[in-house]
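Peer 1: Structure for this input, please:
(chains A and B)
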Number of protein chains: 2
Amino acid sequence: MESPGPAAPPAPVEFERSPEIYKHWRLSFDGPVATLSMDVQEEGGLSSDYRLKLNSYDLGVDIELADAIQRLRFEHPEIHTIVITSLKERVFCAGANIFMLRGSTHAWKVNFCKFTNETRLAIEDASAHSGLRFVAALNGICAGGGYELALACDEILLVDDGNSAVSLPETPLLGVLPGTGGLTRVVDKRKVRRDLADVFSTVAEGVKGRRAVEWRLVDAVHPTSQFRAKVAARANELAATSDRPAAGPGIRLTPLAPTVTDSSLSYSTVRVDVDRQARVATLTVSGPEGPQPSTPDEILREGDRYWPLRAFRELDDALLRLRFNESTIGTIVVKSRGEPAGVLAVDATLLAHQQHWLVREIVHFVKRTLKRMDLTSRSFFALIEPGSCFAGTLFELALASDRSYMLDDPERPNVIALSGMNAGPLTMSNGLTRLQTRFLATPELVSELLEEKEPFDPAAALDAGLVSFAPDELDWDDEVRLAIEARAALSPDALTGMEANLRFPGPETMETKIFGRLTAWQNWIFIRPNAVGEKGALTSYGSESRPEFDFGRT
Amino acid sequence: MESPGPAAPPAPVEFERSPEIYKHWRLSFDGPVATLSMDVQEEGGLSSDYRLKLNSYDLGVDIELADAIQRLRFEHPEIHTIVITSLKERVFCAGANIFMLRGSTHAWKVNFCKFTNETRLAIEDASAHSGLRFVAALNGICAGGGYELALACDEILLVDDGNSAVSLPETPLLGVLPGTGGLTRVVDKRKVRRDLADVFSTVAEGVKGRRAVEWRLVDAVHPTSQFRAKVAARANELAATSDRPAAGPGIRLTPLAPTVTDSSLSYSTVRVDVDRQARVATLTVSGPEGPQPSTPDEILREGDRYWPLRAFRELDDALLRLRFNESTIGTIVVKSRGEPAGVLAVDATLLAHQQHWLVREIVHFVKRTLKRMDLTSRSFFALIEPGSCFAGTLFELALASDRSYMLDDPERPNVIALSGMNAGPLTMSNGLTRLQTRFLATPELVSELLEEKEPFDPAAALDAGLVSFAPDELDWDDEVRLAIEARAALSPDALTGMEANLRFPGPETMETKIFGRLTAWQNWIFIRPNAVGEKGALTSYGSESRPEFDFGRT
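Peer 2: Below you'll find the predicted structure:
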């Protein structure tokens, strides 16, 4: 029932990388400026079914990019500007590899685009919140996903060599949309006039030189002879505007090294148990144990062992593995174990030192991981049981879930609690906190609840609207089991669409537009015969035959 | 290449109706309250392939509803509240007819949902801008599209008879989404908590009684014995809040009576010529001729012959016919003929008397028709030639187009002009004017251009960014022809998605969310095998066989 294609996606995919083993990127440093240079190895794709020519990319290339951005934030606080460029002569990047896309299942295409979108948004997050500036130094042709990467940067500089152009050739050449936010960023971020955007997006050869500047597609063009110097000068100018520290050290992000079995993933604080028969996974996050750092210096010494960073790095990795490697797991049961007070103490430390660069990085990373959860097309049911620690930051897991069930057993105390971490730092893609999103109808309730210093027992939590249901010990097993079984029986496509609509009430932002409007249309087009049918444009690309369209408009 | 189904949609569809020939609705009046009662005739569908049981509906039922709302606005200014209810015992409405959906092509499903969405939004527009209040009086079960109709009303009253519930059973029963804004309105308009919305949208039997009120799904429940009286009382209370006139008369909306040939549609001021070989239609709107009314009294006497009302009613009808009856026409060339000064004079009259109820209705109708154009999934290219009258209100047609070409021939004067109608009254779905949307990058330019009292010649228009291109007389024919030919060769699906993303930069509203996020997901689901495949849920519904899903999540 998936689109045709010879290659099953390579599985299982792993998401950890480090600069020593990058295949496709080179990282170099010069004072406050890091340069991240794309140098894709043609034979280095995740699958041997395609060759990554002309700096075209597959998921593996983007995993390295995401890793590099992440490490620069944590490991190199002294870096203030990141220049993204290419080591290939006259080629910046040709975009996502078309033969990879063509050979992929529908689900792979969709998840690939989701991940690359998240990577681009992480770049913009680093610019907005972490004082990092990004310069796209387009030293050659820049097409499709290559231009979408440039669009995620603060500034785009294009070489003016009479040949190098920026382009979004997806519609004219492939019959699909630019899948990584391109259309949205062209009109919403760079505010290109919609009629010019229309022309640009239908002209395969793209736009170059002065016209590219006039149309707002790039910020400046420079002749080849001056290009490197102009890029370096601009990168240093931008670096001076950063509020990052003048010097390091940063902290090292060490390997997560989960224990992987056929039915489980086990990290230091996160565990996933998979029941493929039931199509259900159980995701358990453990709270902090023992004494925790309480000053920035102590946090720096603790490094990536510090609980919130550790737990959310593990959660992030687990979510990505579930997305790509366990497509039939439709429902994820979310649990936690530990002391609510322990989580609240960590929250207090994070809140007290939010201005410190490392604490800031940790909080924004927690935020991005929770967004990754919001955007994961699986149903999440939080089960709040005695012994759990859904407090503060970890209560966001329950708020991010589609529903929550809290056991109300008078014999076994069970509480949830809020903290300042629920009041602002962990915004969703829609720009609101999860509490604000939850209580859109009664915004005054949000501040009332946040003022409550005592934890909520099941009756209080239900009454406050903080949990969906609070069955007693007699009903709990049946009610929870039936809810999970009923969910697992529904159409996975309808659930994906339903969740994508119910999870993001309230305002839309460029981010939600990309994942809502643009992604949804792209998914539609990705499954239409005009793209992926026997004579579709994506299928025909690079072959002798020209695409044949059913010209009926929808 | 379309979804299977025995029934080709009945074509050509016509969109004009009047109360004397309604099959499915009864309209009655009681002081300031009109009651619109659904009484769908089982055998009265547009096709005989299905029976419209239990007040389920097809496009024909919704065309009558749209007509009724429209006529109440123009023909009955003395009406202040509209009660929407049903004449069927214990049934309000079972939603869109499933057998109709199942037998329809993908394009029909999508266009059906788009039209019903536009009808619901016209209800909300009448409430927001025209002083009309809407009460959904749910006298029985109210499922799917029935509940979505209720959601479009200002208030929802549900009978409390122990049985009648509101429900969105699409996901659990059919493996699709509620297609008419339901999910968006539940969480965004009624601000139902997202976890409760999740439960509600997955429970086929829905929610009734007190819980329906507590969850904000309805505003009140009343026992059967009191229901009629409570509805009447509430309708009269709401009527008292209206700013509509206390008494009529309104104006009559008479038949448009176009002349239809195999390749043309010809109205009094609008003409469509279809070239199916080239997949292009030419849409020409003529400006006002002769003396025009300049006071509300004169406009009342002119009635529906008044040019702006006449022209935009004809344009609305033409757009709908193109959508449903000419699916292979991918590009629509937009032209105008007449005196710019004539359009500007009409604009001045409309602006001077905006407070008068009829002028208000006309302006909002023009606004809605232009939105219908924005939402039509065809490429629009405006050609601005000597003898055209793209001024003020009619310049919105050029602004709504994906591109505009203006002939720059020194021998033949050719101008465009702006008016106050470009400055506010004709907002797009995103809440901005088309000028604001166009100049998102340079908002200060909008007021500068609006202050310009002189018309713009081609060079000035190009320089101001009001047109895309201004070829001279030597280049015009080739440039325009090549642009149209190139457009017609592209994938219609990619163009639909591209246009849906480029046409709505800037803020999102509930309206754009419905057409962007929700519709796009629905379209995706409507073509997925889990819904429309041989064993999909929509295909299996009502038969012996249960759906079989590919449980892979995307």
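
Peer 1: got the residues of the stretch 301-450 of chain A near chain B?
Peer 2: Contacts of the stretch 301-450 of chain A with chain B, taken as C-beta under 8 Å from any C-beta of the partner chain, map to A:327-330, A:377-378, A:401-404, A:437-441. Using the backbone N, CA and C atoms, a C-beta is placed for each residue, glycine as well.

Peer 1: does any bit of stretch A:130-145 sit next to chain B?
Peer 2: No. In terms of C-beta under 8 Å from any C-beta, no part of stretch A:130-145 sits within range of chain B; the closest distance is 12.9 Å.

Peer 1: among the residues of the stretch 301-450 of chain A next to chain B, which are in helices?
Peer 2: Counting by DSSP state H, the part of those found in helices is A:T437, A:R438.

Peer 1: of the residues of the stretch 301-450 of chain A next to chain B, closest to A:G175?
Peer 2: Nearest to A:G175 out of those is A:S377 (C-beta to C-beta; 24.0 Å).

Peer 1: what about that closest one, distance to A:D402?
Peer 2: Per C-beta to C-beta, to the nearest Å, A:S377 is found 11 Å from A:D402.

Peer 1: Could you check which of the two is surrounded by more residues?
Peer 2: Neighbour totals were compared for A:S377 and A:D402, and A:D402 leads with 25 against 20 (other C-beta atoms under 10 Å in any protein chain shown).

Peer 1: for the more buried one, phi and psi?
Peer 2: phi -70, psi -30 (degrees, to the nearest 10).

Peer 1: what sits against it?
Peer 2: A:S379, A:F380, A:F381, A:E499, A:L502, A:R503, B:R194, B:D195, B:D198 (C-beta atoms under 8 Å, 6 or more residues apart in numbering or on different chains).

Peer 1: and the helix or strand encompassing the last one with chain A, contact?
Peer 2: Which is B:D198. Take DSSP states H and E as the rule and B:D198 turns out to sit in helix B:194-200. Yes. Helix B:194-200 comes into contact with chain A (C-beta under 8 Å from any C-beta), by way of B:R194, B:D195, B:L196, B:A197, B:D198, B:V199.

Peer 1: Tell me which other helices or strands that helix touches.
Peer 2: Here helix B:194-200 touches strand A:403-406, helix A:434-438, helix A:492-502, going by 3 or more C-beta pairs under 8 Å, 6 or more residues apart in numbering or on different chains; DSSP states H and E.

Peer 1: Any idea how many residues pack against the residue of the stretch 251-400 of chain A found nearest chain B?
Peer 2: Across the stretch 251-400 of chain A, the shortest distance to chain B (C-beta to the nearest C-beta) belongs to A:S327, at 4.3 Å. A:S327 has 23 neighbours, counted by other C-beta under 10 Å.

Peer 1: So which residue is dead centre in chain A?
Peer 2: Taking C-alpha atoms, centre = their mean, the centroid of chain A lies closest to A:E118, which sits 2.8 Å from it.

Peer 1: So A:W108 lies in a strand, does it not?
Peer 2: No. Secondary structure of A:W108 (DSSP: H, G, I helix; E, B strand; the rest coil): helix, not part of a strand.

Peer 1: Quickly note the distance from it to A:A520.
Peer 2: Look at A:W108 and A:A520: by C-beta to C-beta, they are 17 Å apart.
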